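Asks: What follows is a predicted protein model with its sequence.
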Amino acid sequence: MAFDAPDPGTGQAHGIPYITVTSTEPKKPITFTIDIESDPGPYPIPLHIPFVAGDNTGTSIEGDNPSHIEHILVVDTDNCLLYELFSGARDSVQPVAWNAYAGAKFDLSSNALRPEGWRSADAAGLPIFAGLVRNDEAAGAGIINHALRFTLQCTNGHIWPARSGPNGLGCPDALPMGARLRLKASVDISGLSATNRAIMTALKKYGMFVADNDNDLYVSGMPDRNWDNADLAALHQFHGSDFEVVDESSLILDPNSGQVRTSPTPTPTATNPPTDTPTNTSTDTPTDTPTDTPIATATDTPTNTVTPTMTPTRTRTSTRTTTPRATSTRTATPTRTATPTRRPSRTPTPTFTPDGPWIFCAWEHGTCRFSGTRRVRYGAKGKFKTLIFTNKVVCNNRSFAADPAVGRTKKCQYFNTPLTPTPTNLP
């Protein structure tokens, strides 16, 4: 893992920024592509919004008022409300109105999760803001008191606290959305800088959740030009094998709540030895009390762990820091005491061709990333347009010069085998 941080002075940036507003911010009408899974508007979207966007060449820019913004995060500090949009843009006919692929509202004074099966501004249906790494926490305060979020190229269904996950698009042995990975206690972080120690200490104590589909082991962060690229590069030394997968089934008070049990029912120790399959998990005992955000932040102490078999890649950070006012101190009192039965996630089946599988990389309007030159197909329900790209492509009608599945939510998949030498685009 590593951080892909901004290079001060270059104008380039990565990550997911946010902005704070007050209750007086005018709310804008908004239309959603997936309105059945989106919380209806209006949303308090300011005139000028911090954003990070990119094109197919890999150039990233920072600025205001683009035609398309991949993620919009707005914190209403007066009402303790979080608004998040995926793939938002101002309406071309009514500039005061907005269009977005999906949107979610989160009450920061509540532990309630979204309805089962609903996405949010990410594929897992979780709040993005709660899991971001912030420079003012890592480098400023020197401590991060919450779990982080990260991405994987392939996922397999979802488990609590996630509410959704790609079914039929993942890899059979992949982790589900909502899985929590934690840095092993035995991993030595003593030689790191204070900033990096704060990040890795949080990963030892709280871990990180699988929250979206993107490059493997991308840890999401907020843009801030105070990040030190050279320092963050030291995190490249950590690998997927340095993490363990945590079994959180004993922490669930209510499957529709992110609040955790502080005295979980003991879970029998597994009799079979752990393997390298990421779906095997550990038994944990929390020591921290729950927070009031939908992502649980209890400290877990496993008795049986496994090693995920992911390869190291980059992680994301960021370029702008604004600190929202305090969100909430209210903690809901659970009324249910019975330990619910954990439901198994569905095992999707990847699509195979004689030479290998098509691997899911992005939903419509997202960015499909891969290595080398590959065939990438775009569409849904058996109707796809296939072209050839190098390293990444924005998954939309414009990139593929067609809408192969009109009226349907489309996705991108890249072919598992790279092309050599580089051919021209397929007809």
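Replies: Received it, and whenever you're ready, just let me know what you need.
Asks: okay, CA-based contacts and neighbour counts for the rest of this
Replies: Noted.
Asks: Which elements pack onto the longest strand along the chain?
Replies: In the chain, assigned by DSSP state E, the strand with the most residues is strand 367-380. Counting contacts by 3 or more C-alpha pairs under 8 Å, 6 or more residues apart in numbering; DSSP states H and E, strand 367-380 packs against strand 356-363, strand 383-394, strand 411-415.
Asks: who's in contact with the residue lying closest to Trp363 once chain neighbours are set aside?
Replies: Closest residue to Trp363 apart from its sequence neighbours, by C-alpha to C-alpha, 6 or more residues apart in numbering: Lys411 at 4.3 Å. Going by C-alpha atoms under 8 Å, 6 or more residues apart in numbering, Lys411 touches Phe360, Cys361, Ala362, Trp363, Glu364, Tyr378, Gly379, Ala380, Cys395.
Asks: pLDDT weak spots in the stretch 251-400 of the chain?
Replies: When residues are selected by pLDDT under 70, those of the stretch 251-400 of the chain lie in 263-356.
Asks: Got the domain ranges for this protein?
Replies: Following automatic domain parsing, one finds the domains of the chain at 19-319, 352-415.
Asks: Turn the contacts of Lys411 into a markdown table, including neighbour count and distance to Thr155.
Replies: Conversion of the contacts of Lys411 to a markdown table gives the following (neighbours: other C-alpha atoms under 10 Å; distance: C-alpha to C-alpha, whole Å):
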| residue | neighbour count | distance to Thr155 |
| --- | --- | --- |
| Phe360 | 28 | 9 |
| Cys361 | 26 | 10 |
| Ala362 | 25 | 12 |
| Trp363 | 21 | 13 |
| Glu364 | 20 | 17 |
| Tyr378 | 27 | 19 |
| Gly379 | 26 | 19 |
| Ala380 | 18 | 18 |
| Cys395 | 26 | 18 |
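Asks: Now the phi/psi pair for Asn226, please.
Replies: Main-chain dihedrals, Asn226, degrees, to the nearest 10: phi -80, psi -10.
Asks: in terms of contact, does it touch Glu137 like I think?
Replies: No - taking contacts as C-alpha atoms under 8 Å, Asn226 lies outside contact range of Glu137: 11.8 Å.
Asks: Number of residues surrounding Met222?
Replies: For Met222, the count of nearby residues is 26 (other C-alpha atoms under 10 Å).
Asks: Distance check, it against Gly15.
Replies: Distance check for Met222 against Gly15: by C-alpha to C-alpha, to the nearest Å, it reads 5 Å.
Asks: What of Asp78?
Replies: With distances taken as C-alpha to C-alpha, Asp78 is found 26 Å from Gly15.
Asks: between these two, who's got more neighbours?
Replies: Between Asp78 and Gly15, counted using other C-alpha under 10 Å, Gly15 has the larger neighbour count: 26 against 15.
Asks: Could you pick out the longest helix of this structure?
Replies: The residue-count maximum for a helix in the chain (DSSP state H) belongs to helix 194-205.
Asks: What residues sit buried inside it?
Replies: Within helix 194-205, the residues scored as buried using 16 or more other C-alpha atoms under 10 Å are Thr195, Asn196, Arg197, Ala198, Ile199, Met200, Thr201, Ala202, Leu203, Lys204, Lys205.
Asks: Tell me the one of those nearest Leu183?
Replies: Among the buried residues of helix 194-205, Lys204 lies closest to Leu183 (C-alpha to C-alpha), at 4.5 Å.
Asks: Can you read off the pLDDT for that closest one?
Replies: Per-residue confidence (pLDDT) for Lys204: 97.
Asks: Same check on Ile36?
Replies: pLDDT, Ile36: 91.
Asks: Over to it. Which of the three states is it?
Replies: Using DSSP: H, G, I helix; E, B strand; the rest coil, the structure places Ile36 in helix.
Asks: same question, Ser87
Replies: Following three-state DSSP, the label given to Ser87 is strand.
Asks: pretty sure it is touching His71, no?
Replies: Yes - the pair Ser87 / His71 is scored as a contact, 6.0 Å apart, by C-alpha under 8 Å.
Asks: more neighbours, the two?
Replies: Neighbour count, other C-alpha under 10 Å: between Ser87 and His71, His71 has more, with 24 against 20.
Asks: Distance-wise, check the more buried one relative to Val260.
Replies: 28 Å.
Asks: Ala405 now?
Replies: As defined by C-alpha to C-alpha, Ala405 lies at a distance of 42 Å from Val260.
Asks: Neighbour count: those two, which is higher?
Replies: Between Ala405 and Val260, counted using other C-alpha under 10 Å, Val260 has the larger neighbour count: 26 against 17.
Asks: separation between the more buried one and Tyr206?
Replies: Val260 sits 13 Å away from Tyr206, taking C-alpha to C-alpha as the criterion.
Asks: Kindly report the same for Ile252.
Replies: For Ile252 relative to Tyr206 (C-alpha to C-alpha), the value is 16 Å.
Asks: Could you pull up the residues touching Asn196?
Replies: Applying C-alpha under 8 Å, 6+ apart, we find Asn196 in contact with Ala138, Asp231, Leu232, Leu235.
Asks: Weed out the non-buried ones from the residues you listed.
Replies: Buried among those (16+ other C-alpha under 10 Å): Ala138, Leu232, Leu235.
Asks: Just give me the closest of those to Ser190.
Replies: Nearest to Ser190 among the buried ones among the contacts of Asn196 is Leu235, at 12.6 Å by C-alpha to C-alpha.
Asks: Quick check: that closest one is in a strand.
Replies: No - per three-state DSSP, Leu235 lies outside any strand segment and is helix.
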